[in-house]
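Participant: how would this look folded up:
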Amino acid sequence: MVSKRSYGQYCGLARALDVVSGRWSLLIVRELLEGPARYGRLQAGLPGISTNLLSDRLRELEESGVIRREL
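Facilitator: Below you'll find the model as predicted:
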């Protein structure tokens, strides 16, 4: 899901910024750079993020192809 505010450009960098520019998105990606993480570990590593916002951001990042959920 692309944020409502978009750069409206068709280059890769602008598209990447559209995808990860949401609040907390880059911090979530940072947490996942270490490897797969359960929801609880992500929440513990991001003090201050609400459960609803974490769920929303994870869903947006998954829909954009930035992350992949494994069951």
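
Participant: going forward, measure contacts and count neighbours with C-alpha atoms only.
Facilitator: Will do.

Participant: Next one: the residue nearest the centre of the chain from Leu71, what distance?
Facilitator: Note on the chain: the residue nearest the mean C-alpha position is Ser25, at 3.6 Å, using CA atoms, centre = their mean. Ser25 sits at a distance of 21 Å from Leu71 (criterion: CA to CA, to the nearest Å).

Participant: returning to that earlier point: touching, the residue nearest to the centre of the chain and Arg57? I think so.
Facilitator: Yes. Between Ser25 and Arg57 there is a contact under CA atoms under 8 Å: 6.2 Å.

Participant: Identify the residues contacting stretch 40-57?
Facilitator: Gly22, Trp24, Ser25, Leu27, Ile28, Glu31 (CA atoms under 8 Å, 6 or more residues apart in numbering).

Participant: show me where pLDDT drops low in the chain?
Facilitator: 1-5 (pLDDT under 70).

Participant: Pro47: neighbouring residues, count only.
Facilitator: 8 (other CA atoms under 10 Å).
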